[in-house]
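Enquirer: predicted structure and sequence below. I'll ask about it afterward.
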Amino acid sequence: IHQAVGELMPATNFYIALVDAAHRIVSFPYFADEQEPPPPPQPIGRGLTELVLRTREPILLDPRSFQALVDRGEVESVGPPSVDWLGVPLICRDEAIGVLVVQSYTEGVRYRPEDREVLRFVSAQVASAIDRKRADQALRESEARFRRLAENAQDLIYRYRLVEPRGFEYVSPVSTRMTGYTPEEHYADPDLALKLTHPEDRPALQKLLEDVTRAVEQRAERER
């Protein structure tokens with residue numbers, strides 16, 4: 001991202017801040033700056049980063065406009081003074097999840113309103129990428145929790161895919177003791193559940209599978 005922004009505007013000094021609203025913490029997963037080292041995660045304060053988070057609007061400031069904000073008590077001065085400071089919010093699902101910032105310490109390097117619009121466009125792509133990454137991480141964590149619970153359970157737990165290709169997606173380890181078949185043998189035979197069912201109960205199980213499959217197909221058709 002830094003490299004891509006650098007091809008569009010001066011971006012030697014560039015950082016991404018993310019907010020943890022629940023714990024009121026701002027962290028800096030990426031921070032490149034000529035004047036200061038990467039800051040540690042810190043409580044939400046009243047710097048320019050937090051101003052962008054509060055207003056959810058792009059902000060372009062020179063020293064005079066920044067001082068006016070300080071004088072009005074809207075922000076506090078944090079870090080070395082910039083010649084120009086440009087920050088845009090990272091908006092995801094109508095929520096400000098962070099801020100993308102470029103800044104200049106050199107008189108000959110200034111930002112224009114056109115740069116603000118370019119950075120606003122970039123921020124939309126970045127926010128979308130962060131959202132996908134967080135969703136993937138949440139899914140992996142959920143899957144890990146499920147496996148920890150299932151693999152320690154004394155009851156047999158199946159997860160079965162009804163749509164083609166049909167088959168077992170998960171079989172808990174206790175299956176070997178309870179059925180005589182290992183999880184691997186279940187995965188290899190999609191019809192093993194019916195084979196393990198008492199012959200008198202097979203029609204009822206077959207009907208249940210057919211009803212659920214039909215309901216899944218009907219829902220998929222409505223969503224299309």
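Expert: That came through, no problem.
Enquirer: now do whichever strand or helix holds residue 101: which elements does it pack against?
Expert: Using DSSP states H and E, residue 101 maps to strand 95-104. Using 3 or more C-beta pairs under 8 Å, 6 or more residues apart in numbering; DSSP states H and E, the elements in contact with strand 95-104 are strand 13-20, helix 48-55, strand 84-92, helix 113-152. Placement of C-beta: from N, CA and C, glycine included.
Enquirer: okay, the ones you listed, which one's buried deepest?
Expert: Among the helices and strands packed on strand 95-104, strand 84-92 has the highest mean neighbour count (mean count of other C-beta atoms under 10 Å), at a mean of 23.
Enquirer: can I get the helices and strands packed on strand 95-104 in JSON lines with distance to residue 211 and mean pLDDT?
Expert: Output for those, formatted as JSON lines (distance: least, C-beta to C-beta, whole Å; pLDDT from 0 to 100):
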{"stretch": "strand 13-20", "distance to residue 211": "44", "mean pLDDT": "96"}
{"stretch": "helix 48-55", "distance to residue 211": "49", "mean pLDDT": "95"}
{"stretch": "strand 84-92", "distance to residue 211": "39", "mean pLDDT": "95"}
{"stretch": "helix 113-152", "distance to residue 211": "25", "mean pLDDT": "89"}
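Enquirer: what would the ones you listed look like in JSON lines with distance to residue 168?
Expert: Shown next, in JSON lines, are the helices and strands packed on strand 95-104 (distance: least, C-beta to C-beta, whole Å):
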{"stretch": "strand 13-20", "distance to residue 168": "38"}
{"stretch": "helix 48-55", "distance to residue 168": "46"}
{"stretch": "strand 84-92", "distance to residue 168": "36"}
{"stretch": "helix 113-152", "distance to residue 168": "13"}
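Enquirer: that older thread, how about residues contacting the strand holding residue 101?
Expert: 5, 9-19, 33, 48-49, 52-53, 56, 82-91, 110-111, 115, 119, 122-123, 126-127, 130-131 (C-beta atoms under 8 Å, 6 or more residues apart in numbering).
Enquirer: could you rerun that using 7 Å?
Expert: 5, 9-11, 13-19, 49, 52-53, 56, 82-90, 110-111, 119, 122-123, 126-127, 130 (C-beta atoms under 7 Å, 6 or more residues apart in numbering).
Enquirer: please apply the same query to stretch 163-177.
Expert: 150-151, 153-154, 156-161, 181-183, 186-187, 190, 216.
Enquirer: so how far is residue 39 from the residue nearest the centre of the chain?
Expert: The residue lying closest to the centre of the chain (C-alpha atoms, centre = their mean) is residue 134, at 2.0 Å. Residue 134 is 22 Å from residue 39, where distance means C-beta to C-beta, to the nearest Å.
Enquirer: one more: residue 61?
Expert: Here the criterion is C-beta to C-beta. By it, residue 61 lies 19 Å from residue 39.
Enquirer: between the two, tell me which one has more neighbours.
Expert: residue 61 (21 against 16; other C-beta atoms under 10 Å).
Enquirer: that one contacts residue 81, doesn't it?
Expert: No: with contacts defined as C-beta atoms under 7 Å, residue 61 does not count as touching residue 81, sitting 10.7 Å away.
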